[in-house]
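> Turn this into a model:
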Amino acid sequence: MSGHALRFRAGAEVLDHLRREGFSPGHFDFLAGASGGPKWLVLSQLDRVILRRLYRDRRDPVSLVGSSIGSWRFTCYGMPGALEAVDRFEEAYVEQAFTAKPSPEEVSRVSREIFRAITGGSDGREVLQHPLARLNVIAVRCRGAAASERRWVQAAAVLAAASCNAITPRMLGLWYQRVLLSDPRERRPLAAEVRVPLTAGNLEDSVMASGSIPLVMEGVRAIEGAPPGVYRDGGVTDYHLHSPLAGTDGLVLYPHYCGHLVPGWFDKGLPWRRVGPGAMSRMLLVYPDPSFVARLPYGKIPDRRDFHVLDPASRRRCWRRVVAECERLADELEAVLETGDLGDRVG
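So this is what the prediction gives:
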């Protein structure tokens, strides 16, 4: 892998397919989009490459399954002029601006402006009319104190949920319930306790809820067609989005920012909580080589800490440089797709 900026990690079933059929985005039944906030900026160039080929000569729909920022990316995939939607998303995301100590209300307001930049000011109904894209958005419905907007109450609930999760992930359900907000045309089985059809009337709220970070943003209430309650970031239960896909058939293309999968938001600090290779047999992960990441500004992928450690102008310069550097990832992916042969690139 030496000298490459991009890595490929294939599960056993995907590897067998690649050896028989070669590599094309059109061969995959699912695309997975993880949570991670600004980390998505290392994927925006890859998204453009995938979009140029994803729908080409395709007959069967592709299921786009995203939590948090992944659902925002896949909203772009369903828009007419999807490449232009990615351009608008990237520009609005990099340029977002806040006061020195933004309130959850301010962060939510700016986030809605970003969503409306993606859709060009429409309600996004075009996404639900796309002939091939089937958007699936993961959020959580809060239980008990986790639904509160009073900061100290919500913080106590987050701490309690993290403690319960450390004992066993099954206890996380005391605080958060996984909800799948799904294109009503979707026919593939995706794991969720509650399934709600996406509509033109609830698409914006659904995508907003999927990315509404606890303590950082307001929860979203009264999603049209959904059970009453407060909805927040889907990454709480599905940070790297393995569980909703676990019971499905079909191959999963997963443009990702790292080479492993963390089940839930509270598992990030628990290194023993990782999705094992056996559970990834149908996945192809495409992600930056660590040596490439080490050469990015500050030697890392962008993250939410950048809002606190960099002044706004420096952050924007940093993020724009990251996006420009990631053209190399796009060039490598294009080269592999031209031949359809991953060869010894697969790890």
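> other SSEs contacting the helix or strand bottoming out on mean pLDDT in the chain?
The helix or strand of the chain with the poorest confidence is helix 12-21; it has a mean of 91 (mean pLDDT, DSSP states H and E). For helix 12-21, the packing partners by 3 or more CB pairs under 8 Å, 6 or more residues apart in numbering; DSSP states H and E come out as strand 283-288. For glycine as for every other residue, the C-beta is placed from the backbone atoms N, C-alpha and C.
> can you rerun that using 10 Å?
The elements that helix 12-21 packs onto, with contact taken as 3 or more CB pairs under 10 Å, 6 or more residues apart in numbering; DSSP states H and E, are strand 6-10, strand 252-255, strand 283-288.
> Tell me which stretches of the stretch 151-300 of the chain form helices.
Applying DSSP state H, counting those that start in this stretch to the stretch 151-300 of the chain gives helices spanning 151-167, 203-210, 290-294.
> Which of those helices sits closest to Tyr55?
Closest to Tyr55 of those, according to CB to CB: helix 203-210, at 20.0 Å.
> Give me the three-state assignment for the residue nearest in space to the middle of the chain.
Closest residue to the average C-alpha location of the chain: Gly70 at 1.9 Å, with CA atoms, centre = their mean. Here Gly70 is helix, with the state taken from DSSP: H, G, I helix; E, B strand; the rest coil.
> hang on, the earlier thing: compile the helices and strands packed on helix 12-21 into JSON lines and extend it with columns for distance to Ala157 and mean pLDDT.
Below are those laid out as JSON lines (distance: least, CB to CB, whole Å; pLDDT from 0 to 100):
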{"stretch": "strand 6-10", "distance to Ala157": "35", "mean pLDDT": "95"}
{"stretch": "strand 252-255", "distance to Ala157": "31", "mean pLDDT": "96"}
{"stretch": "strand 283-288", "distance to Ala157": "32", "mean pLDDT": "96"}
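> residue ranges with poor pLDDT in the chain?
For the chain, the stretches with pLDDT under 70 are 1-2.
> Assess the claim that the residue nearest to the centre of the chain and Ala34 are in contact.
Yes - counting by CB atoms under 10 Å, Ala34 is a contact partner of Gly70 at 5.3 Å.
> Please enumerate the shared neighbours of these two.
Common neighbours of Gly70 and Ala34, using CB atoms under 10 Å, 6 or more residues apart in numbering, are 40, 43, 235, 238, 240-241, 254-256.
> so which of the residues you listed is the most crowded?
In terms of neighbours by other CB atoms under 10 Å, the shared contacts of Gly70 and Ala34 top out with Asp238 at 32 neighbours.
> show me what contacts the residue lying closest to that one once chain neighbours are set aside?
Nearest residue to Asp238 in three dimensions, chain neighbours excluded: Ser67, at 4.6 Å (CB to CB, 6 or more residues apart in numbering). The neighbours of Ser67, taking CB under 10 Å, 6+ apart as the test, are 32-36, 136-140, 178, 180, 210-211, 233-241, 244, 264-265.
> ok, now how distant is Leu203 from Ile118?
11 Å (CB to CB, to the nearest Å).
> what sits in contact with each of those two?
Shared contacts of Leu203 and Ile118 (CB under 10 Å, 6+ apart): 75, 78, 124, 127.
> Any chance of TSV for those, columns distance to Leu337?
Below are these laid out as TSV (distance: CB to CB, whole Å):
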residue	distance to Leu337
Thr75	24
Gly78	21
Gly124	29
Val127	25
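> from the residues you listed, which ones fall inside helices?
Secondary structure defined by DSSP state H assigns 75, 78 of these to helices.
> For stretch 128-140, list every residue counted as buried.
128, 130, 133-140 (16 or more other CB atoms under 10 Å).
> how many other residues sit next to the nearest residue to Phe292 once chain neighbours are set aside?
Sequence neighbours aside, Ala5 is the residue nearest to Phe292 in space, at 4.1 Å (criterion: CB to CB, 6+ apart). Taking other CB under 10 Å as the criterion, the count of residues near Ala5 is 20.
> which residues touch Ala5?
Applying CB under 10 Å, 6+ apart, we find Ala5 in contact with 288-289, 291-293, 295, 325-333.
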